[in-house]
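Peer 1: from the sequence below, what's the structure:
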Amino acid sequence: MKRLSINSDVGEGVVNESALMPYLKSCSIACGGHYGNEETMIKTAKLAISHGVNIGAHPSYPDKINFGRNEMVISLNDLKESLHKQISSLSVVLSNLGVDKLDHIKAHGALYHKCFNDVEVAKSFVQVVKLFKNVKILAPYKSVVSKIAKDYGVQVDYEVFLDRNYNDDYTLVSRGEANSMLENGLEMSRRYKMVVNKSKVKTISNNFIFIVGDTFCIHGDTNNSHILLNNFYDNYFFNDNA
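Peer 2: Numbering: from 1, shown residues only. Below is the predicted model of the structure:
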């Protein structure tokens, strides 16, 4: 099977990762901020290595109680210290497994969204990333963090979500909303092709906004994500109407 540029957030306690990995080109492993410890990092990294999947770090606010999904009151220095510790812990695990370096770094949850439009938090995140040589970030198109990263000489791969709906301002529809998720392989295939071929994505207002996508994410905790990705691939390669 030809793998498309699909990534997923893993190492978060989901039991379907063995079935999910064959569909991925890259993955982002939780490294202790919102979930994970040395044991889960080793287990998930070994699984990714066995499938030839590129491995990145998935740091977050240090908030396991809320799974990193709530914005956290924390000083920038403390945040930077936590992020560096999280990323370093995964780097050590990978080194011990014979992997030379991280492929990328992607913020998780509330930190990911905070970096979309908060200059100081985004700058702090990029400053930590910069300490890890030649590592790119995954970030949304039009985000503050992507602009700051380029100013710091950090490569950016723009990320588009296959399983989340978009607002007109490029933000994701809140998970608390009934229409936040996109859980249909055919619609996901159409989104992928539209972004690649036309640089557009459809919003919940039925508008089309210009967007750039280098990598496409499906969350590991999306219901039956491996089955959904199988259906996505079937539609992408075998359905002319996808």
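Peer 1: what kind of secondary structure is the residue of the chain most remote from its centre in?
Peer 2: No residue in the chain sits farther from the centre than residue 240, which is 28.2 Å out by Cα atoms, centre = their mean. Classification of residue 240 using DSSP: H, G, I helix; E, B strand; the rest coil returns coil.
Peer 1: from residue 214, how far out is it?
Peer 2: Counting by Cβ to Cβ, to the nearest Å, the separation of residue 240 from residue 214 is 25 Å. The C-beta positions use only the backbone N, C-alpha and C, and glycine is treated the same way.
Peer 1: kindly report the same for residue 190.
Peer 2: Counting by Cβ to Cβ, the gap from residue 190 to residue 214 is 19 Å.
Peer 1: tell me where this protein has helices.
Peer 2: For the chain, applying DSSP state H gives helices covering 17-20, 38-50, 76-96, 109-117, 119-130, 144-151, 185-198, 225-238.
Peer 1: what would those look like in TSV with mean neighbour count, distance to residue 28 and mean pLDDT?
Peer 2: TSV is the format used below for the helices of the chain (neighbours: other Cβ atoms under 10 Å; distance: least, Cβ to Cβ, whole Å; pLDDT from 0 to 100):
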stretch	mean neighbour count	distance to residue 28	mean pLDDT
helix 17-20	18	12	94
helix 38-50	17	10	98
helix 76-96	18	10	98
helix 109-117	21	10	96
helix 119-130	20	13	98
helix 144-151	19	15	98
helix 185-198	18	19	97
helix 225-238	18	14	94
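Peer 1: can you redo these as JSON lines with distance to residue 68?
Peer 2: Formatted as JSON lines, these follow (distance: least, Cβ to Cβ, whole Å):
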{"stretch": "helix 17-20", "distance to residue 68": "18"}
{"stretch": "helix 38-50", "distance to residue 68": "15"}
{"stretch": "helix 76-96", "distance to residue 68": "11"}
{"stretch": "helix 109-117", "distance to residue 68": "4"}
{"stretch": "helix 119-130", "distance to residue 68": "13"}
{"stretch": "helix 144-151", "distance to residue 68": "16"}
{"stretch": "helix 185-198", "distance to residue 68": "24"}
{"stretch": "helix 225-238", "distance to residue 68": "19"}
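Peer 1: residue 61: which of those helices is closest?
Peer 2: Nearest to residue 61 among the helices of the chain is helix 109-117; the distance by Cβ to Cβ comes to 5.2 Å.
Peer 1: and that closest one, how far out from the chain's middle?
Peer 2: Offset of helix 109-117 from its chain centre (Cα atoms, centre = their mean, to the nearest Å): 12 Å.
Peer 1: who are the packing partners of that helix?
Peer 2: Judged by 3 or more Cβ pairs under 8 Å, 6 or more residues apart in numbering; DSSP states H and E, helix 109-117 is in contact with helix 119-130, helix 144-151.
Peer 1: the inter-axis angle of the last one versus helix 109-117?
Peer 2: Interaxial angle of helix 144-151 relative to helix 109-117 (axes from the mean of the first three to the mean of the last three Cα atoms, to 10 degrees): 60 degrees.
Peer 1: which helices and strands sit right next to helix 144-151?
Peer 2: Packing partners of helix 144-151 (3+ Cβ pairs under 8 Å, 6+ apart): helix 109-117, helix 119-130, strand 136-139, strand 156-161.
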